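1. The sequence and its predicted three-dimensional model are supplied below.
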Amino acid sequence: MVSFEPLKVQSLKESCVRRLEGLILSGELKIGERLPSERELASRLNISRPVLHEALVDLNAKGLVRILPRRGVFINDYRREGSLTLLSSLLNFQNGQLDPLFQQSLMDMRLTLECETARLAALNRTPEQIEEFHALLKQEAAADHCDAARLTELDFTFHHLVAIASGNVLYPLVINSFRGVYTSLTSAFFRHYCGTPVVNEVLDYHCKLLAAIEARDSQLAGAVMAEMLKHGEHYLKAVTPIS
């Protein structure tokens, strides 16, 4: 069954950001290079100066450029200056295909981060959050296991809720910050395995993790999360090989 995702119409600012990101990430705009003045660049891109300025502010927040008052806008080395907001831009630039090192780095980071969120969730979860977990698992059980988009959405919501239940206010923000990269990988996973027993295995892990969190067993919660992430990594290698 084909899953059709809604089309998105880009604003002029988004189009400008995407164009400049591509020039920077491809290396056409060199590190340290000064961009033309806003007036000249806006004219070349056929957009207004306010739109261009908003786009440059976004690029500055991502660490791709540096805006220096009265001096101009300079290209940054995003590897040194970039922030988590750059992850989705890298994914878009590579048309959804992460290079093996980047993908493995993401897997390793998730293992470290999410085992901790699971452990803390077992210690700090509230009764209201337990109810929210149970409601979410009911949605997962009722979902069409051939609907990869829906499975991806529910899976992200589950992991994000674990981060919220951890009680650490920063962890859910970190999870949200690389949502685009995260869901790109899980979407590929569910598209490949939708309708197979592998999907049921993922949902079983969710149930086991919730049981550990509900029992306030932090050690078990961390162990289940680690096993679940290793399970996902194992099957994801067949879809997007990691060297």
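-> Great, that's in hand.
2. In terms of pLDDT, where does residue 5 sit?
-> Taken from the predicted model, the pLDDT recorded for residue 5 is 51.
3. Strands along this protein, start to end?
-> Assigned by DSSP state E, the strands in the chain fall at 65-68, 72-75.
4. Quick one: list the elements packing against the lengthiest helix in the chain.
-> Longest helix of the chain, by residue count under DSSP state H: helix 100-124. The elements that helix 100-124 packs onto, with contact taken as 3 or more Cβ pairs under 8 Å, 6 or more residues apart in numbering; DSSP states H and E, are helix 148-165, helix 171-177, helix 179-193, helix 197-214, helix 218-236. C-beta here means a position set from N, CA and C on the backbone, and glycine is covered the same way.
5. if we go to 6 Å?
-> Under the contact definition 3 or more Cβ pairs under 6 Å, 6 or more residues apart in numbering; DSSP states H and E, helix 100-124 sits against helix 148-165, helix 197-214, helix 218-236.
6. So for that helix, what gets flagged as buried?
-> By neighbour count with 16 or more other Cβ atoms under 10 Å, helix 100-124 contains the buried residues 102-103, 106-107, 110, 113-122, 124.
7. now swap in stretch 28-46 and tell me
-> So stretch 28-46, judged by 16+ other Cβ under 10 Å, has buried residues 29, 35, 41, 42, 45.
8. mean confidence score for it?
-> Mean predicted confidence for stretch 28-46 is 94.
9. picking that back up, from the buried residues of stretch 28-46, which ones fall inside helices?
-> The members of these that map onto helices under DSSP H are 41, 42, 45.
10. Of all the strands of the chain, which one is nearest residue 174?
-> Comparing the strands of the chain by their distance to residue 174 (Cβ to Cβ), the top pick is strand 65-68, with 23.5 Å.
11. Tell me which residues of that closest one come out buried.
-> residue 65.
12. Give the other helices and strands that it contacts.
-> strand 72-75.
13. which residues sit against the longest helix of the chain?
-> Helix 100-124 is contacted by residues 162-163, 165-167, 171, 212-213, 216-218, 221-222, 225-226, 229, 233, 242-243 when judged by Cβ atoms under 6 Å, 6 or more residues apart in numbering.
14. The same query, at a cut-off of 7 Å, please.
-> When contacts are taken as Cβ atoms under 7 Å, 6 or more residues apart in numbering, the neighbours of helix 100-124 outside the stretch itself are 159, 162-163, 165-168, 171, 174, 181, 209, 212-213, 216-218, 221-222, 224-226, 229, 233, 240, 242-243.
15. Of the residues you listed, grab the buried ones for ChimeraX.
-> To isolate the buried ones among those in ChimeraX, judged by 16+ other Cβ under 10 Å, type:
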select :159,162,163,165,166,168,171,181,209,212,213,217,218,221,222,224,225,229,233,240
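16. show me the contacts for residue 238.
-> Under the criterion of Cβ under 7 Å, 6+ apart, the contact list for residue 238 is empty.
17. Sorry, slip of the keys, the one I care about is residue 203.
-> Contacts of residue 203 by Cβ under 7 Å, 6+ apart are 140, 141.
18. Could you report the distance from it to residue 193?
-> Summarising the geometry, the distance separating residue 203 from residue 193, computed by Cβ to Cβ, to the nearest Å, is 12 Å.
19. Could you do residue 102 as well?
-> For residue 102, the distance to residue 193 under the criterion Cβ to Cβ works out to 22 Å.
20. Where does pLDDT dip in the protein?
-> Residues of the chain meeting the criterion pLDDT under 70: 1-10, 84, 87-88, 91-99, 240-243.
21. Could you list the domains of it?
-> For the chain, the domain assignment from automatic domain parsing gives the residue ranges 12-81, 97-236.
22. Nearest to residue 89, out of those domains?
-> Of all those, it is domain 12-81 that lies closest to residue 89, at 5.1 Å by Cβ to Cβ.
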